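> the amino acid sequence is not available; the structure is as follows:
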């Protein structure tokens, strides 16, 4: 009877939402070092006076804010900035395609702005940002890079990076090969179109990783000899015209006459690949994969113009750099990298992404 009485009391408490009335065993009131967790969680008084400012101001700059890919990145940065009480300035090349000179021009304005306390930047062109980093560090401004990774960046070890490692593109290359095998395709051309002349090192590495994964998967299945896998002379992509990208992809597919698979590696060429396939009325006939999950890519996955695309979780690429810079200033925490990995999205899983601006 006693057990039943206790059980009834617990059930009644749960019914009235009073679970907090029961003391929990193992509760911690202070740290082993003797200090209070409440006190330790408070912001440092010096943070509000960083560079003599009453409120921190961070700037985030990307190399293409005109095609929608970075929209969730800015959203993520805004969420983190609001959470930590930071003023956020959102900047970026207005172009729908990589415009590195414009990004650098914006960054050159920032290095001379005394109101900026932290800078988040994309670094798609290796070696192009070293002087900017040096100037910012001379002014005591911490830096975080996001999205595109430059392994040779000046003072790289002391600068955090948030982004998808380019090797994650192998997930798409493997999926492409498996799609062909599942369809029972006996042979044909597989192409990797890209705007190689733009010099985006990250995109180049993605193409190489995807190409290698496709070759490896087909070879393991014993059918590689039946396919012509073309990622250009350096395996960084078959170059297409950035100023006429859809038609150049159409021409590329038509010129090969036997294209059965294709993969693009950024948010600019991927929609063009889907548009080209739609224009040629080849939806569902080509195993076509790409990068990023903007509205256009999602629609193309629905129609079958794209078989799938890799999401790199750009929300995190905005959220974590803001949090990292704040932690460096407030807690003196060393730069820490975050790999946002890759999420392969197909028609079957499309409904699960993008609901809160996260992809």
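Structure's in. What do you need? Note that the structure is a prediction, hence the values are computed from the model and not measured.

> so residue 345 touches residue 311, yeah?
Yes - using C-beta atoms under 8 Å, residue 345 is in contact with residue 311, at 5.6 Å. For every residue, glycine as well, the C-beta is placed using N, CA and C.

> the two: which is more packed in?
Neighbours were tallied for residue 345 and for residue 311 using other C-beta atoms under 10 Å; the higher tally belongs to residue 311 (26 against 23).

> need the pLDDT of the more buried one.
Note on residue 311: pLDDT of 91.

> would you mind naming the residues that bridge with it?
residue 343 (DSSP bridges).

> got the contact list for it?
Residues near residue 311 by C-beta atoms under 8 Å, 6 or more residues apart in numbering: 292-293, 342-345, 353, 359.

> picking that back up, shared neighbours of residue 345 and residue 311, anything?
Common neighbours of residue 345 and residue 311 (C-beta under 8 Å, 6+ apart) are 293, 353, 359.

> any of these buried? List them.
For these, a burial check counting by 16 or more other C-beta atoms under 10 Å picks out 293, 353, 359.

> redo the residues you listed as TSV? Include pLDDT and secondary structure.
As requested, these are exported to TSV (pLDDT from 0 to 100; DSSP: H, G, I helix; E, B strand; the rest coil):
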residue	pLDDT	secondary structure
293	88	coil
353	84	coil
359	75	coil
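
> residue 254: which of these is nearest?
residue 293 (27.8 Å; C-beta to C-beta).

> residue ranges in the stretch 1-150 of the chain under the pLDDT threshold?
1-23 (pLDDT under 70).

> and the strands in it?
With DSSP state E, counting those that start in this stretch as the criterion, the stretch 1-150 of the chain has strands at 57-62, 87-92, 118-121, 143-146.

> right, and the ones you listed - which one's nearest residue 240?
Residue 240 sits nearest to strand 57-62 of all these, at 22.2 Å, using C-beta to C-beta.

> buried set for the closest one?
Per 16+ other C-beta under 10 Å, strand 57-62 contains these buried residues: 57-62.

> with stretch 45-61 instead?
Applying 16+ other C-beta under 10 Å to stretch 45-61 flags 47, 50, 56-61 as buried.

> same thing with stretch 222-238?
By neighbour count on 16+ other C-beta under 10 Å, the buried set for stretch 222-238 is 223, 227, 229-232, 235-238.

> try stretch 118-130
Buried-residue list, stretch 118-130, by 16+ other C-beta under 10 Å: 118-126, 128-130.

> would you check which pair of those lies furthest apart?
Largest pairwise distance in those, by C-beta to C-beta, is 22.8 Å, between 118 and 126.

> that older thread, closest to residue 334 among the shared contacts of residue 345 and residue 311?
Nearest to residue 334 out of the shared contacts of residue 345 and residue 311 is residue 359 (C-beta to C-beta; 29.4 Å).

> okay if I get the contacts of residue 311 as CSV plus distance to residue 283?
Formatted as CSV, those follow (distance: C-beta to C-beta, whole Å):
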residue, distance to residue 283
292, 19
293, 18
342, 24
343, 23
344, 19
345, 17
353, 21
359, 22
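
> for those, which one is nearest residue 43?
For these, the nearest to residue 43 is residue 359 (31.3 Å; C-beta to C-beta).

> now do the contacts for that closest one.
By C-beta under 8 Å, 6+ apart, residue 359 lies in contact with 72, 293, 311, 313-315, 343, 345, 353.

> if we use 7 Å, what do you get?
72, 293, 311, 313, 353 (C-beta atoms under 7 Å, 6 or more residues apart in numbering).

> what's the mean pLDDT across stretch 296-306?
Mean pLDDT, stretch 296-306: 96.

> so how far is it from its chain's centroid?
On the basis of C-alpha atoms, centre = their mean, to the nearest Å, stretch 296-306 sits 19 Å off its chain's mean C-alpha point.

> again, but for stretch 48-64
Distance, centroid of stretch 48-64 to centroid of chain: 22 Å (C-alpha atoms, centre = their mean).

> same question for stretch 274-282.
Its chain's C-alpha centre and that of stretch 274-282 lie 26 Å apart, by C-alpha atoms, centre = their mean.

> could you list the residues in contact with it?
Outside of stretch 274-282, the residues within contact range by C-beta under 7 Å, 6+ apart are 246, 249-250, 253, 283, 286, 288, 297, 300, 303, 305-306.

> fine, thanks again, bye for now.
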